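Student: only geometry, no sequence info:
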């Protein structure tokens, strides 16, 4: 048996460690999706299952996108919410269309815009048509009500806070009175505005994305958060009303890597 010197042993260990880090950064945390489930229902009767998809940043359809679509179809949610930054260029809408076609069309879907739809000058009319073709309603400071399992639910869609013109007052204009109200807001910082302006309106849940969970974190600390994140990073915020969940999302922006912030899909029962 050939003996390995201490120096060679340390060098090999360093290279192996670097290889594992690169594998994690460039592949595992981007493509091995973390599926998180939460039950926030108030009783066992008539639970509504929802799926949140956020920050797809689609450029092409990869194997993991098909895996996501397949799992959604198996879970059979009642509603799907797409909370912004799906594409950053008009030509990428075709990839979004392909992805949406992989998902059962009969599932009711609602979408909002993120900052990258604006910063990339995406053709919003074409995007809206694509969503509609896939049974998905794009809400831009608008609301819509739907009956699910004998429960009437109102979905309030906010325009993007930093790229668009977020306006909560417009979004709740002519809002139908229902027992369940869900707000979709790409930038979590806008929750602070909602809290001040909601008055007596009961909001059961705010769903946001945008932060990518920091995308790159070191021992849970995110050295950079995009504008519009505010004091929020990821997960639940329940210290005050309305309660909000910030998903780490699927894609990446600026740098095509993730570290300490694994890509995420969210399933909830409400």
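Tutor: Yes, it's here. Only a predicted model underlies this, so the values are computations on that prediction, with no experimental measurement involved.
Student: state the pLDDT value of residue 8.
Tutor: On pLDDT, residue 8 comes in at 51.
Student: actually, residue 183.
Tutor: Taking residue 183 on its own, its pLDDT is 98.
Student: what's the helix or strand for it?
Tutor: strand 180-184 (DSSP states H and E).
Student: tell me what that strand is packed against?
Tutor: strand 79-83, strand 108-112, strand 151-157, strand 205-208 (3 or more C-beta pairs under 8 Å, 6 or more residues apart in numbering; DSSP states H and E). Backbone N, C-alpha and C define where each C-beta goes, glycine included.
Student: assign a three-state SS to the nearest residue to residue 60 once chain neighbours are set aside, would you?
Tutor: Excluding its sequence neighbours, the residue lying closest to residue 60 (C-beta to C-beta, 6 or more residues apart in numbering) is residue 95, at 5.6 Å. Three-state secondary structure (criterion: DSSP: H, G, I helix; E, B strand; the rest coil) places residue 95 in helix.
Student: nearest residue to the middle of the chain?
Tutor: Centroid-nearest residue in the chain: residue 54, 2.1 Å away (criterion: C-alpha atoms, centre = their mean).
Student: what is the neighbour count of the closest residue in space to it that isn't next to it in sequence?
Tutor: Once flanking residues are discounted, residue 54 sits nearest to residue 209: 3.1 Å by C-beta to C-beta, 6+ apart. Neighbour count of residue 209, defined by other C-beta atoms under 10 Å: 32.
Student: next, give phi and psi for residue 209.
Tutor: Backbone torsions of residue 209, given as degrees, to the nearest 10, read phi -140, psi -120.
Student: where's it relative to residue 235, distance?
Tutor: Residue 209 sits at a distance of 12 Å from residue 235 (criterion: C-beta to C-beta, to the nearest Å).
Student: so what sits against both of those two?
Tutor: residue 246 (C-beta atoms under 8 Å, 6 or more residues apart in numbering).
Student: sorry, back to before: right, and the residue nearest to residue 60 touches residue 57 too?
Tutor: No. Judged on C-beta atoms under 8 Å, residue 95 makes no contact with residue 57 at a distance of 10.4 Å.
Student: please enumerate the helices of the stretch 1-150 of the chain.
Tutor: Under the criterion DSSP state H, counting those that start in this stretch, the stretch 1-150 of the chain contains helices at 6-23, 29-31, 63-75, 93-101, 115-119, 124-133.
Student: mind jotting down where the strands sit in the stretch 101-250 of the chain?
Tutor: In the stretch 101-250 of the chain, the strands defined using DSSP state E, counting those that start in this stretch lie at 108-112, 136-138, 142-148, 151-157, 180-184, 205-208, 235-237, 244-246.
Student: among the ones you listed, which comes closest to residue 40?
Tutor: With C-beta to C-beta as the criterion, residue 40 lies closest to strand 205-208 of the strands of the stretch 101-250 of the chain, at 6.9 Å.
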